[in-house]
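Q: from the sequence below, what's the structure:
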Amino acid sequence: MQRLSSAIVLLALASSHAALAADFTARDLTAALFRAGPGQRADLSGRDLAGLDLSGIDFKGALIAKADLIGADLSEANLKDTDLSGARLDRTTLIRTDFSGANLEQATILRPSIYLSYGKDIVDWTLAPKFTGARMAGAKVFGRLDYADFKGADLKGALFIGQDSRDENLSLSTVSLFSGDFDGADLEGASFAEANLSFASFRGANVKGVRFVRADLSRADFSGADLTGADFTGANLDEANMTGVKGLDRVNGLDRAANADRIVK
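A: Down below sits the predicted model:
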């Protein structure tokens with residue numbers, strides 16, 4: 001009788017896990033991509049793709065808006081020009097993932113992994129994902145994305161922070177974007193409060209109204225950027241390069257920033 005009860009419990013647990021499983025397998029996904037004819041984009045919008053191994057897949061610009069990709073492995077996947085607007089990419093593996101030109105507006109990328117077996121303080125820059133030219137307006141990003149490439153991306157209003165007053169579930173620690181590349185990006189109104197941005201590059205970027213409150217910007221490169229209205233209150237500006245910047249006389253909190261006297265102009 002006890003064995004029968006245990007079997008019933010195991011069946012119930014299996015049923016529960018099945019109910020939580022993705023509604024699409026990796027094989028289903030590749031078949032859908034294969035069926036899409038020339039000039040067509042496979043429509044995977046709203047699909048539950050959580051936890052799937054999608055590593056190395058070429059998504060061929062598919063429509064994946066509002067899809068659930070939580071915990072999926074997207075290592076070395078080609079997501080160029082895909083529509084991932086509103087998608088959930090939390091806890092995904094993003095080793096060498098290419099999001100160039102993708103639409104990630106309002107998407108969430110919380111606690112992704114870009115590491116293999118390295119220690120917490122050892123990062124191989126070649127493993128970082130690419131967001132070159134991606135549309136990420138209003139996206140929420142938290143985690144360690146050191147060396148990530150955001151060149152020319154649209155990041156207006158994006159939140160690279162551990163806490164947002166509009167979403168207490170993001171109350172975590174700091175975001176790490178060490179040596180991140182934001183050259184030529186549109187960052188107007190974005191927030192990097194308390195983020196690690198040491199050695200990051202913002203050359204020629206639109207940094208209007210960006211919140212860098214208490215961020216580590218040591219040795220960051222802002223040369224040629226527009227800093228009008230940016231807030232550097234409590235930020236570490238040790239040897240930050242601000243040669244040729246616009247709007248330096250209209251930034252906020254510069255008098256309350258650490259090492260402001262060591263800015264390179």
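Q: what ranges does the stretch 151-265 of the chain have for its helices?
A: In the stretch 151-265 of the chain, no segments count as helices under DSSP state H, counting those that start in this stretch.
Q: can you list the weak-confidence ranges in it?
A: Scanning the stretch 151-265 of the chain for pLDDT under 70 picks out the ranges 162-173.
Q: rerun at 50
A: The stretch 151-265 of the chain contains residues with pLDDT under 50 at 164-172.
Q: and the stretch 1-150 of the chain, by the same measure?
A: 1-20, 117-119.
Q: all strands for it, in order.
A: 108-110, 140-142 (DSSP state E, counting those that start in this stretch).
Q: can you add distance to Val245 and give the ones you listed back as a markdown table?
A: In short, each C-beta sits where N, CA and C put it, glycine included. A markdown table is the format used below for the strands of the stretch 1-150 of the chain (distance: least, C-beta to C-beta, whole Å):
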| stretch | distance to Val245 |
| --- | --- |
| strand 108-110 | 29 |
| strand 140-142 | 24 |
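Q: need the winner for burial among those.
A: strand 140-142 (a mean of 24; mean count of other C-beta atoms under 10 Å).
Q: distance between that one and the chain's centre?
A: How far strand 140-142 lies from its chain's middle: 6 Å, per C-alpha atoms, centre = their mean, to the nearest Å.
Q: hang on, Arg256 packs against Thr233?
A: Yes. Applying C-beta atoms under 8 Å, one finds Arg256 in contact with Thr233, separated by 5.0 Å.
Q: okay, the two: which has more neighbours?
A: Thr233 (17 against 13; other C-beta atoms under 10 Å).
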